[in-house]
Every structure is written in structure tokens, then in C-alpha cells.
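>>> After the sequence you'll find the predicted model.
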Amino acid sequence: MPKIKNYPRLNSASSINHEAEQNSLFLPDFCALKMVFAVVVIGELLAIVLTMAPLRMDKQLWNDMALVALFIQWNGLMCSSALCLLRPFFKNYSNRFVALSSYLILLLIITLLSELTFYIVEKYYLFDAISSTSHWEFLVHNLIIGGIISALALRYFYVQHQWRVKVQAESCTKLQLLQARIRPHFLFNSMNSIASLTRTRPEVAERMTEDLAELFRMLFREDHEMIAWARELTLSEYYINIEKQRLGDRLKISWEVNDIPDDAMVPALILQPLLENAIFHGIEPEINGGSIVVAGELNYNQLIITVENTNSKNIIHRQGNKMALANIEERLKAHYHGKASIVCQDKDDVYSVIVSMPYLMQDES
């Protein structure tokens, strides 16, 4: 029986709560570089539109455009900075409160900057258009434009947030359904193995039942979509021990996975179905059995797991229905969104399945 490695266990409830906390706030992270870049670009485009709107072309146009762009960028960056600093505070409140508070804060910043701008421009006569505009007209004009843009931006962020939550919920549901397919399939195959030994080797069947009970105790305790590689490896070793009780010396397996960090997060039960396929299609049909090699490496932040088994000469038995491989492929798509792959190779006397996925740690999965 393989010894279970000691390392910090994942807590399903805390993981879900942490994920919910991250997704509860509809405002994006304005401290991120891409958001700052977006604010600058949108501000420049808005300055061009506002300056070109009166349909006049003169030398003063370019000076006006520069001053309008400076004013808008000043407002945009100050508003973004305020929302960036207030983001940790907003996480404790509802989206309705956050939306209303953000909107009032943005209007307050626009008001203060408009007052400061009017004072500077009036004092130094920097902008001819303002010199003929009253103080209140300038303030109301800026508040109307700023209020409309702020309302549209907040609404856009909220709709985007709702869309992301919906997509993530659908993805989680799909993963749970795919995961639900794996567990019963695994249980039924293991029970069939035990049943086949009940009459001929009852002591082995009893030992397998105990191993299976211990394995499923771990499986249902670790009710996660992602688990640490050390835990996945232990589960797979339990499964191999159960099959060894049934197949004896016909099953030979080699583990070459020391290069994979124990804390690497992988989809739960990603390795066991591959081992099950290797045994069913490559080892079991042969009187003399065969061998399986499980290899793993970390290559440029990609986990590469390879399961190789000797090919059976029974062509009909080897074909199968590809359900396990299709299930794993779907789970990889749902977890990694196109950044993972599974490739099958059938060369001479060896059948290989190569799974490649990003290296993620616990706080990244």
C-alpha cells in the first residue's frame, strides 16, 4: 500500500468562498497595467471626438485638443486611481452599493478637477473657449459628459462581470458532470475486479475491498476539481495496487515522475483513467501481460505526463470506444481553455498518451 504524502490539504469550502469573493466585485482591477492603458487610449479618443465635434478647423484646434486631452486624461487617471485604492474596501459590500458609491466618487473627482482646471485656465488664459464660458456652465458641462460616460462605463463593467460569472458557472457545471462520469466508472470496474476474485481468491478480494474503501475515502474527502499532483499520484498508486492484486506479475509498472513538483495542481482523476485504459487495452488481453511506464516532466512551465503501455496483439480489443480519452479532453478544455492538450500515439509495440497542461500552483488554480 503506498504511503500517503503529507502536505497541506485543499479545503473545498474555503476554495469556493475565495473564488466567490474574487468574482463578487464587478469593478475590474484598475491597478492593472492593461486597465491604465485602456483608460489612456479611451481618453485620447474622447478628446479627439469632443474637439472635432464643433466642425471647425483652425490653428487653435490643435491647442484646444491638447488641453482637452490633458483634462480628460487627468480625470480618467484620477478616477482610476481612486477606484484602484478603494477596491479592497468595496469587496465587503454589495454590487449595488459599490455602483452607487463609485458613481458618486467619480462625479466628485470630476467636480474637483473641473474647479481646479477652471481656476488655472482663467488665471493664465490658456483656453479661449473657457474664457467666454461662465463658471457654472463649465462645471455643469463637464458633469453631464462625465456623468454619462461614468454611467456607461459602470454599466459595461457590470454586464461583463455578469457574463463572466455565467460562463464560469456553466464551466463548473460541465466539469462536475464530467467528473461525475469518472467516479462511478472507476467504482464499477474496481468492483468487477473484486467480484472476479471472490470465489477463487477470497483473501485477495478482501484485501482489494479494503484498498478500494481507503481509495474512495480519499476520493470523496478530496471533492475538488483540481488537486495537488502528489494526491493524484497517490490515488493512482492505490488503483494500481488494486489491479496488481488481480493481475499479479502480468502487470509491470514504472514511475518516472520525480520531475513534477508535488504542489502542481492538476484536474482530479486525470491519471487514473489513462492507467485503466492502458491495463484494459494493453495488459489484460495478453496471457503474459505487459508493462506500463508513467513519465512526467516540467518543461517551460508546462506539465507533460506520458502514459505508455505495450500494445496488445488483439486488434479488436485494442480499439475501444475512446470514452475515457474524450472525457479527459473535454475536462482539459474546460479547465485550461485551449492551453492544454492530449495526444495519442500508436507506434509499433507501444501505445502512448501524452497530456500537456500549464503548471499551476494552489493559489493559481
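Everything's here; your move. Numbering: from 1, shown residues only.

>>> alpha carbons only for contacts and neighbour counts from here, please
Noted.

>>> which residues of the chain fall in strands?
In the chain, the strands defined using DSSP state E lie at 226-228, 251-256, 265-267, 290-299, 302-310, 341-347, 350-358.

>>> Indicate which one of these is closest to residue 283.
Ranking these by proximity to residue 283 (Cα to Cα) places strand 290-299 first, at 4.9 Å.

>>> now that closest one and strand 251-256, what's the angle there?
Per axes from the mean of the first three to the mean of the last three Cα atoms, to 10 degrees, the angle that strand 290-299 makes with strand 251-256 is 10 degrees.

>>> Figure out how far strand 290-299 is from the centre of its chain.
On the basis of Cα atoms, centre = their mean, to the nearest Å, strand 290-299 sits 26 Å off its chain's mean C-alpha point.

>>> Paired strands for it, with orientation please.
Paired neighbours of strand 290-299 in the sheet (DSSP bridges): strand 251-256 (parallel), strand 302-310 (antiparallel).

>>> got the ones you listed as CSV, with mean neighbour count, mean pLDDT and distance to residue 200 columns?
Formatted as CSV, the strands paired with strand 290-299 follow (neighbours: other Cα atoms under 10 Å; pLDDT from 0 to 100; distance: least, Cα to Cα, whole Å):
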stretch, mean neighbour count, mean pLDDT, distance to residue 200
strand 251-256, 15, 94, 19
strand 302-310, 22, 93, 28
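
>>> Need these in CSV (columns: distance to residue 206).
Formatted as CSV, the strands paired with strand 290-299 follow (distance: least, Cα to Cα, whole Å):
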stretch, distance to residue 206
strand 251-256, 20
strand 302-310, 28
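
>>> quick one: low-confidence ranges for the stretch 1-150 of the chain?
1-23, 53-61, 124-133 (pLDDT under 70).

>>> still on that earlier bit, select, out of the strands of the chain, the one closest to residue 244.
Across the strands of the chain, residue 244 has its closest neighbour in strand 251-256 (6.3 Å, Cα to Cα).

>>> any idea how far residue 276 is from residue 240?
9 Å (Cα to Cα, to the nearest Å).

>>> before we move on, back to that, the strands of the chain: which one's closest to residue 66?
strand 350-358 (45.6 Å).

>>> Quick check: neighbours of that closest one in the sheet, parallel or antiparallel?
By DSSP bridges, strand 350-358 pairs with strand 302-310 (antiparallel), strand 341-347 (antiparallel).

>>> So residue 244 sits against residue 238, correct?
No: counting by Cα atoms under 8 Å, residue 244 does not reach residue 238; the two are 9.9 Å apart.

>>> of the two, who's got more company?
Neighbour count, other Cα atoms under 10 Å: between residue 244 and residue 238, residue 238 has more, with 22 against 16.

>>> And the more buried one, what's its pLDDT?
On pLDDT, residue 238 comes in at 83.

>>> my guess is it contacts residue 215, does it?
Yes: assessed by Cα under 8 Å, residue 238 is found in contact with residue 215 at 6.4 Å.

>>> Including distance to residue 86, could the strands paired with strand 350-358 go into a markdown table?
Listed next are the strands paired with strand 350-358 as a markdown table, based on distance: least, Cα to Cα, whole Å:
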| stretch | distance to residue 86 |
| --- | --- |
| strand 302-310 | 36 |
| strand 341-347 | 40 |
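
>>> Next up, the contacts around residue 265.
Residues near residue 265 by Cα atoms under 8 Å, 6 or more residues apart in numbering: 226, 227, 228, 229, 359, 360, 361, 362, 365.

>>> switch the cut-off to 6 Å
Applying Cα atoms under 6 Å, 6 or more residues apart in numbering to residue 265 gives the contacts 226, 227, 228, 229, 360, 361.

>>> can you put the strands of the chain in CSV and add distance to residue 142?
Formatted as CSV, the strands of the chain follow (distance: least, Cα to Cα, whole Å):
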stretch, distance to residue 142
strand 226-228, 50
strand 251-256, 66
strand 265-267, 50
strand 290-299, 54
strand 302-310, 51
strand 341-347, 52
strand 350-358, 48
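
>>> From residue 165, how far out is residue 46?
Between residue 46 and residue 165 the computed distance is 30 Å (Cα to Cα).

>>> and what of residue 85?
Residue 85 sits 24 Å away from residue 165, going by Cα to Cα.

>>> So these two - more neighbours on which side?
Between residue 85 and residue 165, counted using other Cα under 10 Å, residue 165 has the larger neighbour count: 16 against 13.

>>> Tell me the predicted confidence for the more buried one.
With respect to pLDDT, residue 165 scores 77.

>>> Could you do the one 3 residues further on as well?
With respect to pLDDT, residue 168 scores 67.

>>> can you list the domains in this protein?
14-166, 198-358 (automatic domain parsing).

>>> Quick one, which of the ones you listed gets closest to residue 192.
Smallest distance to residue 192 across the domains of the chain (Cα to Cα): 10.0 Å, for domain 198-358.

>>> who does residue 293 bridge with?
Counting by DSSP bridges, residue 293 is bridged to residue 254, residue 308.

>>> So it is in contact with residue 310, correct?
No: if you go by Cα atoms under 6 Å, residue 293 and residue 310 don't touch, sitting 9.2 Å apart.

>>> And residue 329, how far from residue 279?
In this view, residue 329 and residue 279 are 20 Å apart by Cα to Cα.

>>> same deal with residue 298?
26 Å.

>>> what about those two, which has more around it?
Per other Cα under 10 Å, whichever of residue 298 and residue 279 has more neighbours is residue 279, with 22 against 19.

>>> Low-confidence stretches in the stretch 251-365 of the chain?
Low-confidence segments of the stretch 251-365 of the chain (pLDDT under 70): 313-322, 363-365.

>>> redo that, cut-off 90
263, 267-270, 272-273, 276-289, 300, 310-339, 345-350, 361-365 (pLDDT under 90).

>>> can you give me phi and psi for residue 28?
Dihedral angles of residue 28 (phi, psi; degrees, to the nearest 10) stand at phi -70, psi 170.
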